[in-house]
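> What would the 3D arrangement of this be:
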Amino acid sequence: MQTPINSNWHTNLRLPSACGGQDQRWRLLIDQSGRISRLEPLASQAAGAGLNWHGAWLSPAGVDLQINGGLGLAFPELQTEHLPKLLELLDLLWRDGVEAICPTFVTCAVAPLREALAVLRQAREMHQPGRCALLGAHLEGPFLAPERRGAHPLEHLCAPSIAALHERIGGFEREIALVTLAPELEGAPEVIGALRQLGILVSLGHSCANEDQATRAYGDGVGMLTHAFNAMAGLHHREPGPIAAVLAAPHVGLGLIADGIHVAPTMAVLLQRLLPEQVLLVSDALAPYGLRDGNYPWDERLINVEAGTCRLSDGTLAGTSLPLLEGVKRLAAWGAMPAAAIRAATVLPRRQLGDLRPVEQQLLGMAWVDTLKWQLDADNKLSWQRNG
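This next block holds a predicted model:
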C-alpha cells in the first residue's frame, strides 16, 4: 500500500546515509505542491506525530550509469524511427524505480554511434515528469584492450587518440557523461586529459592495467571502474590489480553488477563492505531488459537470456536483463546492510556524477513521487515502492 500524499508529516523513517548515520530516525513534511519541504532528525527513536514508517528507509529513485538498452532496443542501433520504443523503455525504467540513466554504448562503428547520439538528443527534448531521464551517454569503448574486450567486437576497437575521440563525439561533447577505456594503452593519457577538460567522467574498464598503471590513471583523473572484477585483473595477494589500487584513491567509484553471476555474492559483499562509499550498483542491462528469456539479435550476433543473464553463443558473459533495483535486493539478501545497498544504487551514482550533497539535502525539495520507500518483510527481504 502506497503512502498517501495528504499525510503531510511522515515520521520514524531512516535515510541511506553514510556509514555511521544508518540508525538515525527522521521525520519529514510534504507541502501542498507535493514536495518534501522539511526533513528533520528525531532526537530519539520515539515516532512523534505523523505517519509512522516503523524504520523503513526513504531514498531518491535509482540512477543507472551503465545500461545498454531494453525492450529489444540496443542504444548503438538507435534510429529516429525508434523514438516511440525508446520512450516506452524510459517509461518502463520509471516504473522499475529508476529516475535517470546514462545510455551506454558497447563499441560500435562511428556512423551508427553518431546517429544514435543524435536520436538521444531528440529524446531528451521530449522528457516529461513521470518518465526516466536521459543523462549524458556512456561510451564503453572503443579504446579498450583487445585481450579484455569481452563481448565488444574486435573490428570496432581502436587505439586511443584525440582524432579518434573527436571523430566519435565531435559536436556531442556536452552530451557525453562517461567514457570507459583502458588507461594503459598508448595514447590513453592524452585522451583522458581531453575528456577531463570537457568535464566527462573517465572509467577504467576492459583493461589489462596492473596496480601501478591503475594508480597512475587515478592520479591522471580516472574516476571510476566499469563493472569491477569483470574484464580486468581481480584481487590477487601478489598482484593486487586496479581494484586494490582504489584503496588509495577514495574519489574512484566501482561499478558493480549485483546479479550473482558477474561477481560471486560473497565477493560482492566483501567489496561493498571494504569500500562502502565507493561501490555503486549498475545493471549492465542489454536490449532484452523487459523481455522474456530467449534468444535475441545483438548487432550481427545472437545473445541468449536465461534467468536474467545474457551470454553470446560461445558462452561469453555479455550483461544482464535485470532491473537496477533487483541488484539492491540481492546485495542486501547476500549480507550487505540494507541502507548501504540502497545507497549504492540511489545516492552514490549521483555523487559519482558530481552531486556531493548528503542524502538529506538531495531529498529536501524533491517531489514525493520521485522518492522510494524501502522496507524489510517478515522474512527479512528488502522491497521497495514508489511514493505518491
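
> now the helix or strand hosting Ala318: how far from the chain's centre is it?
In the assignment (DSSP states H and E), Ala318 maps to strand 317-320. Centroid displacement of strand 317-320 relative to its chain, using Cα atoms, centre = their mean, to the nearest Å, is 15 Å.

> Dump whichever helix or strand comes after that strand to PDB, keeping only the CA atoms.
Counting by DSSP H and E, the next helix or strand C-terminal to strand 317-320 is helix 324-334. Only the C-alpha atoms of helix 324-334 are listed here, as PDB (Å, rounded to 0.1, in the frame of the first residue of the first chain):
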ATOM      1  CA  LEU A 324      18.900  -1.900 -11.300                       C
ATOM      2  CA  LEU A 325      16.900  -2.200  -8.100                       C
ATOM      3  CA  GLU A 326      16.900  -6.000  -8.200                       C
ATOM      4  CA  GLY A 327      20.700  -5.700  -7.500                       C
ATOM      5  CA  VAL A 328      19.900  -3.700  -4.300                       C
ATOM      6  CA  LYS A 329      17.600  -6.500  -3.100                       C
ATOM      7  CA  ARG A 330      20.100  -9.200  -3.900                       C
ATOM      8  CA  LEU A 331      23.100  -7.400  -2.300                       C
ATOM      9  CA  ALA A 332      21.000  -6.900   0.900                       C
ATOM     10  CA  ALA A 333      20.000 -10.600   0.800                       C
ATOM     11  CA  TRP A 334      23.600 -11.700   0.500                       C
END
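
> quick one, longest helix in the protein?
helix 110-125 (DSSP state H).

> tell me the contacts of Ala244?
Each residue near Ala244 by Cβ atoms under 8 Å, 6 or more residues apart in numbering is listed here: Glu211, Leu235. For every residue, glycine as well, the C-beta is placed using N, CA and C.

> Likewise for Arg38?
Residues near Arg38 by Cβ under 8 Å, 6+ apart: Leu28, Leu29, Leu364.

> Check what pLDDT the second one gets.
Among the per-residue scores, Leu29 holds a pLDDT of 96.

> How many residues are close by it?
Leu29 has 16 neighbours, counted by other Cβ atoms under 10 Å.

> Am I right that it sits in a helix?
No. According to DSSP: H, G, I helix; E, B strand; the rest coil, Leu29 belongs to no helix; its state is strand.

> isn't it right next to Ser37, touching?
Yes. Using Cβ atoms under 8 Å, Leu29 is in contact with Ser37, at 5.3 Å.

> What's the first helix or strand after the longest helix of the chain?
Proceeding N to C from helix 110-125, the next assigned helix or strand is strand 133-134, under DSSP H and E.

> on contacts alone, who are the packing partners of the helix or strand that that following strand is followed by?
Next along the chain after strand 133-134, taking DSSP H and E as the criterion, comes strand 137-140. Secondary-structure packing of strand 137-140 (3 or more Cβ pairs under 8 Å, 6 or more residues apart in numbering; DSSP states H and E): strand 62-67, strand 98-106, helix 110-125, strand 176-181.

> if you compare those, which one is most tucked away?
strand 62-67 (a mean of 28; mean count of other Cβ atoms under 10 Å).

> Contacts for that strand, please.
93, 97-104, 135, 138, 140, 177-178, 224, 226-227, 255, 280, 282-285, 289, 324-325, 328, 345-346, 349-350, 352-353, 372.

> Then stretch 123-137?
Here stretch 123-137 makes contact (Cβ under 8 Å, 6+ apart) with 63, 75, 83, 86-87, 90-91, 93-94, 98-105, 117, 120, 172, 174-178, 200, 353, 367, 369.

> the helices in this structure, which residues?
Going by DSSP H, the chain shows helices at 83-95, 110-125, 162-169, 188-197, 211-220, 241-245, 265-274, 324-334, 338-346, 348-352, 359-363.

> Ala268 contacts Ala258, doesn't it?
Yes. Here Ala268 reaches Ala258: they are 5.6 Å apart, a contact under Cβ under 8 Å.

> Give the residues shared as contacts by these two.
Common neighbours of Ala268 and Ala258 (Cβ under 8 Å, 6+ apart) are Leu331.
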